[in-house]
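Novice: kindly generate the corresponding structure for this input.
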Amino acid sequence: MSSNNQKEIFLTYPAKRDVLFVLGAGTSHPDGVPLQRDILPLIMNGSVEEIPDSEIGKEVIEFVNENFEFDEANNYPRLEAVFGFLDYFILQNESLSAKYSNEKLRKIKEYLIKLLHFIVDYRTEKKSKYYRLFWESIAEFNPNISIVTLNYDTLLEQAFDFLFEKFGYIDYAINFMNYEKNEKLKPFNFWIDPRKPLSVKANLHPVAIKILKLHGSLNWKYCNCCNQTLLTPWDRKIDLNKGKFLGYTYPDNIEYEYSCPIDGTDFETLIMPPSYYKELTHSVILPLMAEAGKEIRASKRIVVIGYSLSDADIHIKALFQKHISSSQELIVINRKNTPQIKLRYSSITRKVKFYEKTFQETVTDKYFMKKLLSV
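Specialist: Numbers count the residues shown, from 1 in each chain. Sure, this is the predicted structure:
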């Protein structure tokens, strides 16, 4: 159905993607998102004053102090080592001690995930000028792209808003409860499902762009009762005393606590913490991994920016090793491509090129961006 100034369309994807971008921590770090190695020090050293004064912060800090040794020279344990230690007991269904029962360890793990959520959100209040430049190049040179990101933050999506409707729509490849026509979900029906027919202005030809967040996102809230995910694009806050997600009414900005609008259950975080053990069978993460495999196979060129392919991310190495072909070109852009990083990527494919550039340098170099997007 259409009118003189509106038309109804389906957004479809070309059979082949020109470029698949894979974004790591190095793309969000310029905007203040801490690198993984800096997160535990931020929790432990009191530099984020809300943490040591909170109930969740006190529990986690006490646990780390009692089970790990570190010194004032910032020789902190790796975050994945702390999660790995917790995961060992949880997976074995064992207690650590009388004080740290298996149930208590599960609670501490969830608390640590919530602190991780809090710290990443704490540093992402402002919009990113670098992601804005990234999107400007895509809009100007080539929209036939998709994105896999390993970042929890929402800077990438926040920077897309100037392109919404007239250029395109974000496709998270998730069936959010926002799409349900349920009276209880009416306040959340604002997010448009790009896989359904859309009514757009007759002079517009928007595209859909997949953003696959394989490690979850700060603005995804998961209900383990109805097993659905609510997208709250602008609400990412978390109460460190109650562990509740917080929302704010518009326009009066009154704070309230989130719970599942279907069954009233408290939402859980939907971010995959850095650990040597990855829970890949989650009902949200598993289909995203399959979707990422399809995008790898469909892409002519894969461009990895700010991602070192760490040993804790063996699932990402496996994903690429399974799906990449010898004819596909892999480009790796890092601030510093160490010999170890080069060996990791060369083990995936021999057809790889390395560039030593930061994300800032990459997106501010229009000629280079055009070259990356020209396939």
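Novice: which residues of this protein fall in strands?
Specialist: Taking DSSP state E as the test, the strands found in the chain are 6-9, 17-23, 145-149, 168-171, 198-201, 207-213, 216-223, 228-231, 246-248, 255-257, 268-271, 299-305, 329-334, 352-356.
Novice: residue 160: how many residues sit nearby?
Specialist: A total of 22 residues lie near residue 160 under the criterion other CB atoms under 10 Å. For glycine as for every other residue, the C-beta is placed from the backbone atoms N, C-alpha and C.
Novice: likewise residue 171?
Specialist: 20.
Novice: show me what contacts it?
Specialist: Counting by CB atoms under 8 Å, 6 or more residues apart in numbering, residue 171 touches 11, 194-195, 208-211.
Novice: out of the residues you listed, who's nearest residue 20?
Specialist: The nearest member of the contacts of residue 171 to residue 20, counting by CB to CB, is residue 210 at 9.2 Å.
Novice: which pLDDT does the model give that closest one?
Specialist: Here the pLDDT value assigned to residue 210 is 97.
Novice: by contact count, what packs against the worst-scoring helix or strand of the chain on mean pLDDT?
Specialist: Every helix and strand of the chain was ranked by mean pLDDT, DSSP states H and E. The lowest is strand 246-248, at a mean of 83. Applying 3 or more CB pairs under 8 Å, 6 or more residues apart in numbering; DSSP states H and E, one finds that strand 246-248 contacts strand 255-257.
Novice: strand partners (parallel or antiparallel) of the least confident helix or strand of the chain?
Specialist: With DSSP bridges as the test, strand 246-248 is paired with strand 255-257 (antiparallel).
Novice: ok, of the strands of the chain, where does mean pLDDT dip lowest?
Specialist: Across the strands of the chain, the lowest-scoring stretch is strand 246-248, with a mean of 83.
Novice: distance from it to the middle of the chain?
Specialist: Its chain's average C-alpha position is 20 Å from that of strand 246-248, according to CA atoms, centre = their mean, to the nearest Å.
Novice: mind listing what's buried in it?
Specialist: Under the neighbour-count criterion of 16 or more other CB atoms under 10 Å, strand 246-248 has residue 247 buried.
Novice: go on, stretch 33-40?
Specialist: Quick answer for stretch 33-40 (16+ other CB under 10 Å): 33-34, 36, 38-40.
Novice: keeping just the C-alphas, turn that stretch into PDB.
Specialist: Coordinates of each C-alpha in stretch 33-40 appear next as PDB, following Å, rounded to 0.1, in the frame of the first residue of the first chain:
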ATOM      1  CA  VAL A  33      35.600   2.900  27.200                       C
ATOM      2  CA  PRO A  34      38.300   1.100  29.200                       C
ATOM      3  CA  LEU A  35      40.300  -1.700  27.800                       C
ATOM      4  CA  GLN A  36      39.700  -5.100  29.400                       C
ATOM      5  CA  ARG A  37      43.000  -5.000  31.300                       C
ATOM      6  CA  ASP A  38      41.900  -1.700  33.000                       C
ATOM      7  CA  ILE A  39      38.500  -2.800  34.200                       C
ATOM      8  CA  LEU A  40      39.500  -4.700  37.400                       C
END
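Novice: so for it, mean pLDDT?
Specialist: Stretch 33-40 comes out at a mean pLDDT of 90.
Novice: try stretch 67-74
Specialist: The model assigns stretch 67-74 a mean pLDDT of 81.
Novice: could you dump the strands of the chain into a markdown table and include distance to residue 60?
Specialist: Listed next are the strands of the chain as a markdown table, based on distance: least, CB to CB, whole Å:
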| stretch | distance to residue 60 |
| --- | --- |
| strand 6-9 | 49 |
| strand 17-23 | 28 |
| strand 145-149 | 26 |
| strand 168-171 | 33 |
| strand 198-201 | 44 |
| strand 207-213 | 24 |
| strand 216-223 | 18 |
| strand 228-231 | 25 |
| strand 246-248 | 19 |
| strand 255-257 | 21 |
| strand 268-271 | 14 |
| strand 299-305 | 31 |
| strand 329-334 | 31 |
| strand 352-356 | 36 |
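Novice: relative to residue 86, which of those is closest?
Specialist: Across these, closest to residue 86 is strand 268-271 (CB to CB), at 14.8 Å.
Novice: got a list of what residue 117 touches?
Specialist: 152, 218, 236, 238, 269, 271.
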